[in-house]
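Participant: I'd like to go over a predicted model; first the sequence, then the structure.
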Amino acid sequence: MSVLNGVSYGLLLFMLSAGLTLIFSMMGVLNFAHASFYMLGAYFAYQVSEWTNYWVAFVVAPILVAVMGGLFERYVLRKTHKSGHVAELLVTFGLSFVILELVQLIWGRSAVDYKVPAALDGSLFKLFNSSFPEYRAFMMLVAVGMLVSLFLMLKKTRIGLVIQAALTHPETTEALGHNVPRVFAMVFAGGCALAGLAGVIGGNAFITEPGMAQAVGAIIFVVVVVGGMGSLAGALIASVLIGLMQTFAVGLDWSFLGGLSALGIDVTPDTFGYPVWKLKLSQIGPILPYLLLVVMLVVRPKGIMGTRDD
Amino acid sequence: MTNPTTSSLRPLHFKPLNGVRIVVWSLFALVLIILPLAAHSSFALTLLCLTGIAAIACMSYNMLLGQAGMLSFGHAVYTGLGTFVAIHTMNKIVGGWPLPMWLVPMVGGFAGLGFGALLGFVTTRKAGTPFSMITLGVGELVFAAALMFPEFFGGEAGINSNRTGGTGWLHDLGLTFGPQIQVYYLIAIYLFICTAAMYAFTMTPLGRIANAVRDNAERAEFIGYDTRWVRYLIVMASSFFAGIAGGLTALNVEAATADLLHGVRSGGYLLFTFLGGVGFFFGPIIGSVLLIFSLVVLSEYTKAWQLYVGIVFLIMVVYAPGGFSALLMLNLRRIKYGEWRKMRWPYAGMVFFGLIALWGIAAIVEMAYQIQVAAGSGSALTIAGIPLDASSSSSWAVAIAVMIVGGAAFEYWRRKFAKVWSDGEERIAEAIKKAEAAIV
Amino acid sequence: MSTYALELSNVTKSFGKTAIIRGVNLAVSKGERVAVIGPNGAGKSTLFNLISGRFEPTSGSIKLHGDEIIGKRPYEISRRGLARSFQITNIFSRLSVFENLRCAALYASGQKYSFWKPLSKLNELNDRTEALMASIELKRRRDVPASLLTYSEQRALEVGITIAGGGDVILLDEPTAGMSHSETDRFVHLIRTVTMGKTLLTVEHDMGVVFGLADRIAVLVYGEVIAFDTPDKVRADPKVQEAYLGAVLDAEHVPGLAGAHV
């Protein structure tokens, strides 16, 4: 059960990190506001489904997010291109700030009631007393569908080939004259659409609130670094790995304390480092991805599938 | 390198007493001394204290961003951990440790240095964008870990201390840090010394190599420098000063909570250091003034202050990536070349219509906030003395009209300004070329 | 002759399945000036990248003053006295000309990572930097940011950065690329003065420069050195004629070759 939950969460992370990786590899821009577009996707979906229904929102919200991403690329990001990557990163950082404030301005500071549609609000099957929600299955379906279509687009279309070339050989594609602004805008908008779609299906599976961008933003950075900068396959592995890690950790209350006493070592509150030994795995769940990041950087700085050394 | 044909002309060692430098530093000291005399309220004194601390923090941040081109999203880790270690030290002092209270910021500094050495070892394994991402991750790690160890970080409530509990002959003479003014002067002294030290650092071999690594890390490797080691050293130096700022915070507020380590605070250092300007040494000082102004003063006036700050930040990144210090220096250059007079009218037009457009935007934002966030307190509000009602459509119509008209007029003057500015730029370039030709 | 300044044996380099360098052997004596020539795509720049540590060879051995340097990082190789320039100008764009040169001389001057001494007090270093700046004719651009220099000034600065550290084996990758003829002549003269007494390897397309500058010429074709000898002998070598030089000589008529300024 945890496996399925973990995988579905991991796939959601991958939808986010895939867009981030695509944008980064094509444009050299780390889109700090990527998670903000994820949040926008959730809020748009909430609003549209309030007005109409979930299925309209499912289509419209990612498109709206893509349009906003494209406009941002065209009218703001492109102007900073000449000032270098630091300025580009800063401008997306500023955008994340503004989006957060605008979301609070429009929808308020507390969570909105973005519900799973009634048609999917059941349990798919039961296993050992715990049920697997239909919506989780739907999430996985969408994520896999996206994965497949992304794969097909990269393999079969011309723009896909250009993007692929940019992933593996960033310098040469520029030399080929393919860094046309239009491709940039499309890639940026496309990446944002993926984030928006992730928001549509993630917003109601988890929670739609102003803090959701920050909560997931740092994690997807970890995914991209651990997976290896610019590697989609690496991002997939890292996403699922982190998804599984977090879901498993929540359900387990192992601690060093328990482990040590099982080995016959007696740890009391007077023992040195007691606060560390008594921590339960479920407590350190939230920091596991970051610990993974640190371990990865020490052991293998280029990441799981990375080719670039620095 | 010494070449028989060229070394006959030995360069002169031209070392003037450098009067300018002495005057600037004396003025800086003088301002620090007399500022609190001009502050009539305790609130103003509090602001000064906060600004002084923020100035050290922002300058230490600029050692990373401005000097070495390292964009960190986790600077608050070092200021915050400095504060926590300092707070615990203060409690030990109260408990009898024979350490004078005024050395607590140094303890914070060494704590910052230590954590810089520990965490920097991981973060500096990468450069550029991955470095930024890792600092964000490590920042989250430290923040989350802080909540897991309430023994050290005090959990949600944080940890309190008392700065007046010190001992020693200075304490006996009356330096108890009871009155806020004593804390101010301690901050001022630390600020002066840290500023001088960080400035001196920019003039040392390591400081200059950091610039080289910022500009072109690859080439730096080919002139003999291990760029990772350079990054690591810079992170440690920066964390040291950040830790001092953190230690001063401990003395100033006598409390530490986990949100001192939070990513939002790190983002604040980045944002305001950039707004002040990373290209000039004094830029972050301007940034720290803006930081405290926004955080303490602006937030009193409007709930939407972060939105305004964010929008200003976006505009600055796009149109003035050098920040306010660069704008200042560019205008000084205009004055020097006698170009400023031509820009008076475009400037006036831009400011005038800019303010009008700003009123329109502010009215819209504030009315929206009134409805959304502060609905309980009615729908009436005033913007710059003009009464509005968030529930009336005419108020909205006025605000939108003012924004559009003001914005259009602003854009008209901005184009005029851009023309005058680039013409002036050409004339200055011409003048510089002539001056250069005259040298040889 | 005890050891060579630079000795490559059986060096190969493949990118994926493509072999770019296919077993290069080259031994350069101390103080020798060698020009590496060859058609485009022969692997000249790659060879320099292998020697200077930018890439690691797939196999083979590279010795600098008799010591193996394969697997060493660029900065380690630089500290052992090998300095290189780049085909695409690679300078510290926001630093002034003077600072560019001073940074390049800093490590070798013994300052390394020091931060307890102001740069302005390092008189010897500053004097040497000023002298170097004068010798590459950039004195009057002293305080101009490197990014604002003209192209040929940047090329001069590129060479200046390369030699500033006092390395005794200098690799110049197409130092005169993109320059006009008059600029090239001046620049070759400049290179000759500033690299006097050092071991010099240079990649060059301009045959005038090659024959004017080099003691020996290495001809690199398809990742192999097919000839390595004095200019006259290389020119006479039928293999070289066939593979490369004939075409170039015919096409260019080698301007200024006869009166090359040796």
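Facilitator: Received, thanks. Numbering: from 1, shown residues only, chains lettered A, B, ... in the order given.

Participant: for whichever residue of chain C sits closest to chain B, which non-adjacent residue is closest in space?
Facilitator: For chain C and chain B, the shortest gap (Cβ to the nearest Cβ) falls at residue C:107, measuring 3.4 Å. Glycine gets a C-beta too; all of them are placed from N, C-alpha and C. The shortest distance from residue C:107 to any non-neighbouring residue, by Cβ to Cβ, 6 or more residues apart in numbering or on different chains, is to residue B:224 (3.4 Å).

Participant: so that neighbour, which of the three states?
Facilitator: What DSSP: H, G, I helix; E, B strand; the rest coil gives for residue B:224 is coil.

Participant: please tell me how far the residue of chain C closest to chain B sits from chain A.
Facilitator: The gap separating residue C:107 from chain A is 20 Å, by Cβ to the nearest Cβ, to the nearest Å.

Participant: same check on residue B:200?
Facilitator: Shown here: residue B:200 relative to chain A, a distance of 25 Å by Cβ to the nearest Cβ.

Participant: next, count neighbours for that residue.
Facilitator: Applying other Cβ atoms under 10 Å in any protein chain shown, we find 14 residues neighbouring residue B:200.

Participant: hang on, it packs against residue C:117?
Facilitator: No. Contact between residue B:200 and residue C:117 fails when scored by Cβ atoms under 8 Å: they sit 10.0 Å apart.

Participant: hmm, back to that, show me the contacts for the residue of chain C closest to chain B.
Facilitator: For residue C:107, the contacting residues are B:223-225, C:78-79, C:165, by Cβ atoms under 8 Å, 6 or more residues apart in numbering or on different chains.

Participant: nearest to residue A:85, of these?
Facilitator: The shortest separation between residue A:85 and any of the contacts of residue C:107 is 21.1 Å, and it belongs to residue B:225 (by Cβ to Cβ).

Participant: what about the strands in the chain?
Facilitator: The chain I'm using is chain A. A:123-127, A:130-133 (DSSP state E).

Participant: wait, chain C was what I had in mind.
Facilitator: Counting by DSSP E, the strands of chain C are C:6-15, C:18-28, C:33-37, C:59-64, C:67-68, C:82-84, C:169-173, C:199-203, C:216-221, C:224-229.

Participant: surely residue C:151 meets residue C:178?
Facilitator: Yes. Assessed by Cβ under 8 Å, residue C:151 is found in contact with residue C:178 at 6.4 Å.

Participant: mind listing what the residue lying closest to residue B:358 once chain neighbours are set aside touches?
Facilitator: Computed as Cβ to Cβ, 6+ apart, the closest residue to residue B:358 that is not its neighbour in sequence is residue B:406, at 7.5 Å. When contacts are counted by Cβ under 8 Å, 6+ apart, residue B:406 is found next to B:353-360.

Participant: those, buried ones only, as a PyMOL selection?
Facilitator: What follows is the PyMOL syntax for the buried subset of the contacts of residue B:406, where burial is set by 16 or more other Cβ atoms under 10 Å in any protein chain shown:
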select buried, chain B and resi 353+354+356+357+358+359+360
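
Participant: tell me how many other residues surround residue B:421.
Facilitator: 16.

Participant: how about the stretch 101-250 of chain C: which residue is closest to chain A?
Facilitator: Taking Cβ to the nearest Cβ as the measure, the point where the stretch 101-250 of chain C comes nearest chain A is residue C:147, at 11.7 Å.

Participant: that residue and residue C:95 touch, don't they?
Facilitator: No. Taking contact to mean Cβ under 8 Å, the distance of 9.2 Å between residue C:147 and residue C:95 leaves them out of contact.

Participant: so between those two, which is more surrounded?
Facilitator: Neighbours per residue (other Cβ under 10 Å) separate residue C:147 from residue C:95, with residue C:95 holding more: 21 against 12.

Participant: and the more buried one, how far is that from residue C:87?
Facilitator: If you measure residue C:95 against residue C:87 using Cβ to Cβ, to the nearest Å, the figure is 21 Å.

Participant: so where is chain A shaky, pLDDT-wise?
Facilitator: Within chain A, the set of residues satisfying pLDDT under 70 comprises A:1, A:122-131, A:166-180, A:250-278, A:280-282, A:307-310.

Participant: could you redo the last one with a cut-off of 80?
Facilitator: For chain A, the stretches flagged by pLDDT under 80 are A:1-3, A:25-27, A:117-133, A:154-155, A:158-183, A:230, A:247-286, A:301-310.

Participant: can you report phi and psi for the residue of chain C closest to chain B?
Facilitator: Dihedral angles of residue C:107 (phi, psi; degrees, to the nearest 10) stand at phi -60, psi -50.

Participant: show me what contacts residue C:92?
Facilitator: Going by Cβ under 8 Å, 6+ apart, residue C:92 touches B:211-212, B:215-216, B:219-220, C:99-100, C:103, C:146.

Participant: apart from its neighbours in sequence, what residue is nearest it?
Facilitator: Ranked by Cβ to Cβ, 6+ apart and with sequence neighbours excluded, the top spatial neighbour of residue C:92 is residue B:215, at 4.1 Å.

Participant: just residue C:52 next, same as before
Facilitator: On the basis of Cβ to Cβ, 6+ apart, the spatially nearest residue to residue C:52 that is not a chain neighbour turns out to be residue C:84, at 4.5 Å.

Participant: surely that neighbour meets residue C:45?
Facilitator: No. With contact defined as Cβ under 8 Å, residue C:84 does not reach residue C:45; the gap is 10.5 Å.

Participant: shared neighbours of these two, anything?
Facilitator: Residues touching both residue C:84 and residue C:45 comprise residue C:173, with contact defined as Cβ under 8 Å, 6+ apart.

Participant: the two: who's more crowded?
Facilitator: Applying other Cβ under 10 Å to residue C:84 and residue C:45 shows that residue C:84 carries more neighbours, namely 26 against 18.

Participant: quick one on the thing from earlier: dump the residue contacts of the residue nearest to residue C:107.
Facilitator: With contacts defined as Cβ under 8 Å, 6+ apart, residue B:224 is in contact with C:75, C:78-79, C:106-108, C:165.

Participant: change it to 6 Å
Facilitator: Listed by Cβ atoms under 6 Å, 6 or more residues apart in numbering or on different chains, the contact partners of residue B:224 are C:75, C:78-79, C:107.

Participant: can you flag which of those residues belong to helices?
Facilitator: Of the positions in those, C:75, C:78-79 sit in helices, assigned by DSSP state H.

Participant: neighbours around the closest residue to residue B:160 other than its chain neighbours, how many?
Facilitator: Distances taken as Cβ to Cβ, 6+ apart put residue B:255 closest to residue B:160, at 4.9 Å, once the chain neighbours are dropped. Close neighbours of residue B:255, defined as other Cβ under 10 Å, add up to 16.

Participant: now the one 3 residues further on
Facilitator: A count of nearby residues for residue B:258, using other Cβ under 10 Å, gives 23.

Participant: before we move on, what about residue B:125?
Facilitator: The local packing count at residue B:125 equals 20, with neighbours defined by other Cβ under 10 Å.

Participant: and residue B:308, by the same measure?
Facilitator: Residues lying near residue B:308 (other Cβ under 10 Å) number 18.

Participant: before we move on, which element is it in?
Facilitator: helix B:305-319 (DSSP states H and E).

Participant: need the residues of chain B near chain A, please.
Facilitator: By Cβ under 6 Å from any Cβ of the partner chain, the part of chain B that sits against chain A consists of B:71, B:122, B:125-127, B:129-130, B:133, B:136-137, B:140-141, B:144-145, B:148-149, B:151, B:306-307, B:310, B:313-314, B:317-318, B:321, B:368, B:372.

Participant: and the residue nearest to residue C:52, bridged to which residues?
Facilitator: In this structure, residue C:84 has the following beta-bridge partners (DSSP bridges): residue C:171.

Participant: from what I see, it and residue C:51 are in contact.
Facilitator: No. At 7.7 Å, residue C:84 does not count as touching residue C:51 under the criterion of Cβ atoms under 6 Å.
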